[in-house]
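Peer 1: let me see the structure of the following:
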Amino acid sequence: MATRTRRHDAGPGARDGFRRRRLPLRLLLPLLVLVALIAMLMLRGFVHSEILADHRIQPEAASDKVPEKILDGGPVIDTRSGRTTSMGIPEHRLVLTFDDGPDPTWTPKVLDVLKKHHAHAVFFVTGTMTSRYPELVKRMVDEGHEVGLHTFNHPDLSFQSHKRIDWELSTNQLAITGAAGIRTSLFRPPYSSFADAMDDKSWPVTEYIGTKGYITVVNNTDSEDWQKPGVDEIIRRATPHGGKGAIVLMHDSGGDRHQTVQALDRFLPMLQQQGYAFDNLTEALDAPSAHTKVTGLGLWKGKAWIFLVSAADDITGVLVVGLAVIGVLVISRFGLMLLLSGAHARRVRRKDFSWGAPVTEPVSVLVPAYNEAKCIENTVRSLMASEHPIEIVVVDDGSTDGTARIVEAMGLPNVRVVRQLNAGKPAALNRGLANARYDLIVMMDGDTVFEPSTVRELVQPFGDPRVGAVAGNAKVGNRDSLIGAWQHIEYVMGFNLDRRMYDILRCMPTIPGAVGAFRRSALERVGGMSDDTLAEDTDITMALHRDGWRVVYAEKARAWTEAPESVQQLWSQRYRWSYGTMQAIWKHRRAVVERGPSGRFGRVGLPLVSLFMVVAPLLAPLIDVFLLYGVVFGPTQKTIVAWLGVLAVQAVCAAYAFRLDKERMTHLISLPLQQILYRQLMYVVLLQSWITALTGGRLRWQKLRRTGVVEAPGGPVPTQRRRESSSDRRPVA
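Peer 2: Predicted structure coming up:
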């Protein structure tokens, strides 16, 4: 009894330990997708002779170990069961043989000519081509032709081990079984010739092939059609003399075979008139068929092989096309970013540029805070240094670390603390909006610090009455670590350069939560901040666009935010961003078919955001997988040059973005590593967001751990001059 009790007690712990050791789904699924992709790519490369291909050809060797009766014998060599015999073809019988196929262009033409003249032939097919075009092999068998093995990858077998030879034969046979449901006992070695050309290198291979149950078939009449000598010359070389029987070598693959097809159409009726019969090999020898029907497990293995090859070809082909399309779009986007961001910078930096009359009215700054004890003092002190008149409303969203007490203990003028039970960031912002005294609202995060000029620069675009919201320039304050440096590049290039472009296109998708400004009237018209999505900043921005407001970018309104310093924190943040962006796109999807400002945003902004923030990043690993594949198996030099070219384009864009933002270029040293490693992390995050969206899961708002390392600029806190408000609004109790 005691023993059973101990086992019962240990069970849950053991099971919990097992669960802890299991790979999380967010890692397992992307890993499985990548493994499947690599497997498909490897299979395709194998079938296309890019992997394990051996193009070496053995030079001519001595033939003293080859039996004389083989050298002087016929083109059919049988070494099965210890025999060493050869056979010739009876008179007035021709066995046409075609090597290296099937080919999707020329094999059907050859089959059509053979059918037209009621002739049979033998096709020695490779496994690579059979796997890719199984329907042609099936047609060969259905129309009475024989097929034989020509290895899978067409290597010179005299270089290969017995294990490789077995593998070449079995895989070639597997492809034929999957294509036509049969096995064959005929074999022709690649690079073979007449029987008298057998030497001490190829003869041991022929002997070994016999032990595997195969008859080796060479030829004694070579049309040399592969040289394309002309139709007349092919016919002359293929014609035997004196009514002798022959095995004629031709090709239905390996290049342009139009001369072969034309010669065949003349050759067949011409020799049939001379009394020749065109048979397959066993018909010519009056022997049992070389084909054996396959059933059961063997047949299903063959069909599974053909299915996998077809799937790998199709899926990889689609991915390659998709990658090419995305590549063109991304490069075009880079070009558009450079062009439009430059236009934006030139426009707003002109001496005569103005949004309208200078905006001097006071501003309410809302600071939603949840457990920001390490950062909130720096945040508030940076605001107190503002060059623009402001009131500060800190909304404590149920903090448990004394955030509200820290702000209250500072005793600063024009700073109010509003407490509420924990309800999330959108609710905190709406609570702050209800307590704000002024018509211009600035929103920021509790871990962010402003420069003294930030608020002033942020609200100047409101001089244009059409402007409903303004996005500021968010900067990474903790950029000393590698992760911080990567995010610094991302913020400067991926966010701020984008915002310049979107400003010109009038479809900016997101006002950053760290630094953004709004008209109160604009917010009220769209219903305030919504908790429908986890990306409330993207949601409200799209809503403002659809309501007809302009959303612009203020490059000089800089805010310094604390970026995640660990992979786990970065994961949590970007997971929320990605999933929230998907939610916002789905929420505002009707804009695509609506008219007016909503339709304009729906048909310009939504496609751009969907393509470059949701779809294109999913293909990021393809770039690296294809890069690795190309370096190892493909044209290495071209692959590296292509990758360096793409990296150069990105570097140019990044350098231009850094120049516009007046940032030091030294941080771009880590750009190549960012493109390899950081992109994979973002891919897994985005894939997890897709999984959550497709499975209908809900993601909670996640709070990141802060360190308070971002200092407030400007030194000591100045005392702000008090202003009486003309507004009759009062704080909500």
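
Peer 1: I'd assumed Asp624 was in contact with Leu323.
Peer 2: No: the pair Leu323 / Asp624 is not scored as a contact, 11.3 Å apart, by CB atoms under 8 Å. (Each C-beta comes from the backbone N, C-alpha and C, glycine too.)

Peer 1: list phi and psi for the residue lying closest to Pro240 once chain neighbours are set aside.
Peer 2: What sits nearest to Pro240 in space, not counting adjacent residues and going by CB to CB, 6 or more residues apart in numbering, is Ala246, at 4.2 Å. Main-chain torsions, Ala246, degrees, to the nearest 10: phi -160, psi 160.

Peer 1: can you check Pro465 too?
Peer 2: phi -60, psi -10.

Peer 1: could I get the contacting residues of it?
Peer 2: Applying CB atoms under 8 Å, 6 or more residues apart in numbering to Pro465 gives the contacts Gly356.

Peer 1: distance of it relative to Leu458?
Peer 2: Applying CB to CB, to the nearest Å, the value for Pro465 to Leu458 is 17 Å.

Peer 1: what does Ile315 give?
Peer 2: For Ile315, the distance to Leu458 - CB to CB - is 48 Å.

Peer 1: pick out whichever of those two has more residues nearby.
Peer 2: Each of Ile315 and Leu458 has its neighbours counted (other CB atoms under 10 Å); Leu458 has more, 29 against 15.

Peer 1: that one contacts Val442, doesn't it?
Peer 2: Yes: Leu458 lies in contact with Val442 (CB under 8 Å); the separation is 6.1 Å.

Peer 1: what about Leu285, neighbour count?
Peer 2: Neighbours of Leu285 under the rule other CB under 10 Å: 19.

Peer 1: ah, wrong one, I meant Arg419
Peer 2: Arg419 has 14 nearby residues by other CB under 10 Å.

Peer 1: list the strands paired with the strand ranked longest in the chain, with their directions.
Peer 2: Longest strand of the chain, by residue count under DSSP state E: strand 550-561. Using DSSP bridges, the strands paired with strand 550-561 are strand 448-450 (antiparallel), strand 467-476 (parallel).

Peer 1: and the gap between the residue sitting nearest the centre point of the chain and Phe612?
Peer 2: With distances taken as CA atoms, centre = their mean, the residue of the chain nearest its centroid is Leu619 (2.4 Å). Per CB to CB, Leu619 is found 11 Å from Phe612.

Peer 1: Trp586 now?
Peer 2: 17 Å.

Peer 1: out of these two, which sits in the more crowded spot?
Peer 2: A count of neighbours by other CB under 10 Å puts Phe612 above the other of Trp586 and Phe612, at 17 against 12.

Peer 1: isn't there a helix covering the more buried one?
Peer 2: Yes: looking at Phe612 with DSSP: H, G, I helix; E, B strand; the rest coil, it is inside a helix.

Peer 1: so what pLDDT did it get?
Peer 2: On pLDDT, Phe612 comes in at 84.

Peer 1: do the same with Tyr575
Peer 2: At Tyr575, the model reports a pLDDT of 82.

Peer 1: skip the chain neighbours and tell me the closest residue to it.
Peer 2: Counting by CB to CB, 6+ apart, the residue nearest Tyr575 is Val685, at 5.2 Å.

Peer 1: which strands and helices sit next to the strand or helix carrying that neighbour?
Peer 2: Val685 is part of helix 679-694 when elements are defined by DSSP states H and E. Other helices and strands packing on helix 679-694, by 3 or more CB pairs under 8 Å, 6 or more residues apart in numbering; DSSP states H and E, are helix 25-47, helix 567-587, helix 620-632.

Peer 1: quick one: distance of stretch 254-268 to the chain centre.
Peer 2: For stretch 254-268, the distance from its own C-alpha centre to the chain's C-alpha centre is 43 Å (CA atoms, centre = their mean, to the nearest Å).

Peer 1: returning to what we had before: looking at the strands paired with strand 550-561, which is buried most?
Peer 2: The highest average neighbour count among those, using mean count of other CB atoms under 10 Å, belongs to strand 448-450 at a mean of 28.

Peer 1: Ile406 and Asn378 touch, don't they?
Peer 2: No: look at Ile406 against Asn378 with CB under 8 Å: they stay out of range, at 10.7 Å.

Peer 1: what mean pLDDT does the host helix or strand of Val325 get?
Peer 2: Per DSSP H and E: Val325 is located in helix 296-348. Average pLDDT, helix 296-348: 89.

Peer 1: in the sheet, who's paired with the closest residue to Arg466 other than its chain neighbours?
Peer 2: Nearest residue to Arg466, sequence neighbours excluded (CB to CB, 6+ apart): Arg550, at 4.8 Å. As for beta bridges, Arg550 partners with Val467 under DSSP bridges.

Peer 1: return the residues in contact with Arg550.
Peer 2: Here Arg550 is in contact with 464, 466-468, 506 (CB under 8 Å, 6+ apart).

Peer 1: of the residues you listed, closest to His145?
Peer 2: Nearest to His145 among the contacts of Arg550 is Arg506, at 66.2 Å by CB to CB.

Peer 1: for Phe612, see how far away the closest one is.
Peer 2: The gap separating Arg506 from Phe612 is 17 Å, by CB to CB.

Peer 1: next: Arg266.
Peer 2: 59 Å.

Peer 1: what of Lys351?
Peer 2: Distance of Lys351 to Phe612, given as CB to CB: 34 Å.

Peer 1: over to Val604?
Peer 2: For Val604, the distance to Phe612 - CB to CB - is 13 Å.

Peer 1: same question for Arg550.
Peer 2: Going from Arg550 to Phe612 by CB to CB gives 22 Å.

Peer 1: what of Pro672?
Peer 2: Distance, Pro672 to Phe612, by CB to CB: 21 Å.

Peer 1: and what of Gly468?
Peer 2: 24 Å.

Peer 1: wait, which of the helices and strands packed on helix 679-694 is closest to Asn478?
Peer 2: Comparing the helices and strands packed on helix 679-694 by CB to CB, helix 567-587 comes nearest, at 11.4 Å.

Peer 1: and the closest one, what does it pack onto?
Peer 2: Contacts defined by 3+ CB pairs under 8 Å, 6+ apart place helix 567-587 against helix 482-489, helix 536-546, helix 596-609, helix 679-694.

Peer 1: returning to that earlier point: give me the common contacts of Leu458 and Val442.
Peer 2: 515-517.

Peer 1: drop anything exposed from the residues you listed.
Peer 2: 515-517 (16 or more other CB atoms under 10 Å).

Peer 1: sort out which of those residues are in strands and list them.
Peer 2: Using DSSP E, the subset of these located in strands is 516-517.

Peer 1: want to throw the buried ones among the shared contacts of Leu458 and Val442 into CSV with distance to Val294?
Peer 2: Listed next are these as CSV, based on distance: CB to CB, whole Å:
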residue, distance to Val294
Val515, 70
Gly516, 69
Ala517, 74
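
Peer 1: where does this structure have low pLDDT?
Peer 2: For the chain, residues meeting the criterion pLDDT under 70 lie at 1-27, 620-621, 694-733.

Peer 1: hmm, 50 instead?
Peer 2: Counting by pLDDT under 50, the chain has low-confidence residues at 1-19, 701-702, 712-733.

Peer 1: most distant residue from the middle of it?
Peer 2: Computed with CA atoms, centre = their mean, the maximum C-alpha offset from the centroid of the chain is found at Gly242, amounting to 63.0 Å.

Peer 1: quick one, phi psi at Arg479?
Peer 2: Backbone torsions of Arg479, given as degrees, to the nearest 10, read phi -100, psi 10.
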